[in-house]
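S.K.: I'll drop the sequence and a predicted model, then ask my questions.
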Amino acid sequence: MTDFSSTQATPPPPRGLRSAGIAAGIVAIAVVLAGTYWRMHENAEAHEWADTQSTPTVRLITPKPSGASDELVQPGTIEAWTSARLFARVPGYVRAWYADIGAHVAAGAPLGAIDTPELDQQIIQARATLVRVKAEATLARTTAARWTDLLKSHSVSQQETDEKNANAATHVAAVAEAQANLGRLLAMKAYATIRAPFAGTVTLRNADIGDLVGPGATNQNPMFAMADGHRLRVYVSVPQQYAPLMHPGLSARLTAPAWPGRNFEAKLVDQSGAINPQTGALQVQLVMDNSDSALRPGGFAQVHFDVPVPAGRLNVPSSALILRGGGVKVATVDASGHVHFATVTIAQDQGNSVEISSGLKPGEKVIDSPPDSLLEGESVHVAQ
């Protein structure tokens with residue numbers, strides 16, 4: 001007999017309890033999904049931040065085209081129109097000096113005097129020798145004349161007469177030799193007085209009374225130096241690309257640190273005609289008037305030339321240059337934000353900027369102050 005009481009079904013839970021369980025499950029799933037989303041969002045932001053940090057940020061500039069004419073500025077060395085260093089030609093001791101540095105002297109003016117005791121004795125000896133050989137020559141001529149008369153009467157032989165005449169000629173030659181030697185010593189004695197070779201200014205005095213000077217002296221420095229600064233020569237080394245523009249008559253203007261705001265006019269008169277292989281430059285010579293003695297020989301000045309600029313040259317800041325193997329380069333950025341290196345040729349260095357003649361096209365974007373770590377093809381962020 002079946003027991004219906006043991007098989008009776010369990011009554012279902014109330015409707016409210018079932019709804020609460022479903023809601024709790026949905027909430028749990030939502031919490032899990034929300035946490036997953038935020039973790040994914042944070043990871044994406046972290047990756048984006050890391051990418052941003054690893055990609056360099058650069059500032060771009062656009063090269064500017066050069067004008068139709070430009071000013072070439074090069075340092076120049078100022079030299080006197082005429083200058084000389086005066087050495088002692090004869091050995092001796094300084095007896096006196098008559099002009100000090102800064103003195104203006106006329107041509108031929110005495111600057112110093114040298115005592116020459118050894119030379120003085122040589123002159124005395126040479127004079128005595130000249131007197132002796134003159135007396136010997138007189139006797140030889142008289143003897144030769146006497147033997148010539150005796151030859152007419154056949155009292156002496158022709159051979160003996162010829163010997164007497166030859167002896168007389170030898171003594172005459174000895175007189176000429178002695179006169180030449182005395183003249184040489186007297187000419188050397190004239191060098192005992194140091195004279196100005198031209199009108200100018202004494203720029204150096206290196207002689208004190210009692211100093212041993214001349215050949216044989218330990219100190220071989222010049223006794224005096226002079227310069228005529230009424231006209232000046234200015235020597236300038238010009239880059240070889242400007243060599244065809246350097247012709248006689250080209251005007252230039254000079255500026256000097258001692259005269260701020262003042263311009264000095266000069267004219268190009270000559271050039272070396274060859275490029276110095278060590279400097280790659282052409283040396284030119286300019287001449288300028290300096291009648292007011294404003295500029296001093298030995299100084300420096302900035303020389304300004306107005307020269308035409310060949311078409312197609314671009315100016316970029318010096319900070320954009322990259323010095324690496326293979327020459328001077330600049331870093332450009334293409335439309336997709338990638339870096340490319342271009343080898344350029346510098347036509348003129350203007351200090352804060354350079355003039356580029358090849359390797360860069362108008363309109364290209366150039367990185368200013370590129371970091372050393374930049375690589376070819378690397379992506380960059382452009383600073384706004």
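M.R.: Now that the structure is in, tell me what you want to look at.

S.K.: give me the residue at the spatial middle of this structure.
M.R.: Ser237 (7.3 Å; CA atoms, centre = their mean).

S.K.: wait, a strand at it?
M.R.: Yes - counting by DSSP: H, G, I helix; E, B strand; the rest coil, Ser237 is found in a strand.

S.K.: doesn't Asn276 make contact with it?
M.R.: Yes - Ser237 lies in contact with Asn276 (CB atoms under 8 Å); the separation is 7.3 Å. (C-beta placed from N, C-alpha, C; glycine too.)

S.K.: what do these two both touch?
M.R.: Shared contacts of Ser237 and Asn276, defined by CB atoms under 8 Å, 6 or more residues apart in numbering, comprise Leu282, Gln283.

S.K.: so what's Ala192 up against?
M.R.: Here Ala192 is in contact with Val90, Gly92, Ala113, Ile114, Asp115, Thr116, Leu119 (CB under 8 Å, 6+ apart).

S.K.: Asn263 - nearest residue in space that isn't next to it in sequence?
M.R.: Arg253 (4.7 Å; CB to CB, 6 or more residues apart in numbering).

S.K.: tell me which residues touch that neighbour, please.
M.R.: Here Arg253 is in contact with Asn263, Phe264, Glu265, Ala266, Val303, His304 (CB under 8 Å, 6+ apart).

S.K.: what helix or strand is the fourth one located in?
M.R.: Read that as Ala266. strand 259-276 (DSSP states H and E).

S.K.: in PDB, list the C-alpha atoms belonging to that strand.
M.R.: Written as PDB, here are the backbone C-alpha positions of strand 259-276 (Å, rounded to 0.1, in the frame of the first residue of the first chain):
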ATOM      1  CA  TRP A 259      85.200 102.600 -31.400                       C
ATOM      2  CA  PRO A 260      81.600 101.300 -30.900                       C
ATOM      3  CA  GLY A 261      79.200 102.800 -33.400                       C
ATOM      4  CA  ARG A 262      82.000 104.100 -35.700                       C
ATOM      5  CA  ASN A 263      82.600 102.700 -39.200                       C
ATOM      6  CA  PHE A 264      85.900 102.900 -41.000                       C
ATOM      7  CA  GLU A 265      86.000 102.700 -44.800                       C
ATOM      8  CA  ALA A 266      88.500 100.500 -46.600                       C
ATOM      9  CA  LYS A 267      89.200  99.300 -50.200                       C
ATOM     10  CA  LEU A 268      90.300  95.900 -51.300                       C
ATOM     11  CA  VAL A 269      93.600  96.200 -53.200                       C
ATOM     12  CA  ASP A 270      94.800  92.700 -53.700                       C
ATOM     13  CA  GLN A 271      94.300  89.000 -52.900                       C
ATOM     14  CA  SER A 272      96.600  86.000 -52.500                       C
ATOM     15  CA  GLY A 273      95.400  84.200 -55.600                       C
ATOM     16  CA  ALA A 274      95.300  80.800 -53.900                       C
ATOM     17  CA  ILE A 275      93.200  79.100 -51.300                       C
ATOM     18  CA  ASN A 276      95.000  78.200 -48.100                       C
END
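
S.K.: just to revisit the earlier point, buried ones among the contacts of Ala192?
M.R.: Val90, Gly92, Ala113, Ile114, Thr116, Leu119 (16 or more other CB atoms under 10 Å).

S.K.: which of the residues you listed sit farthest apart?
M.R.: Ala113 and Leu119 (13.2 Å; CB to CB).

S.K.: tell me which residues of the one helix or strand Arg127 maps to are tucked away?
M.R.: Assigning secondary structure by DSSP H and E places Arg127 in helix 117-152. For helix 117-152, the neighbour count (16+ other CB under 10 Å) marks 119, 122-123, 126, 129-130, 133-134, 136-137, 140-141, 144, 147, 151 as buried.

S.K.: avg pLDDT for that helix?
M.R.: For helix 117-152, mean pLDDT rounds to 94.

S.K.: which residues does the nearest residue to Ala103 once chain neighbours are set aside bridge with?
M.R.: Of all residues not flanking Ala103 in the chain, Val202 sits nearest, at 4.7 Å (CB to CB, 6+ apart). Beta-bridge pairing for Val202 (DSSP bridges): Met226.

S.K.: with Thr143 as the reference, measure out to Ser319.
M.R.: 98 Å (CB to CB, to the nearest Å).

S.K.: please enumerate the strands of the stretch 201-350 of the chain.
M.R.: Secondary structure of the stretch 201-350 of the chain (DSSP state E, counting those that start in this stretch): strands at 212-213, 224-239, 251-256, 259-276, 281-289, 300-308, 314-317, 322-324, 327-333, 339-343, 345-349.
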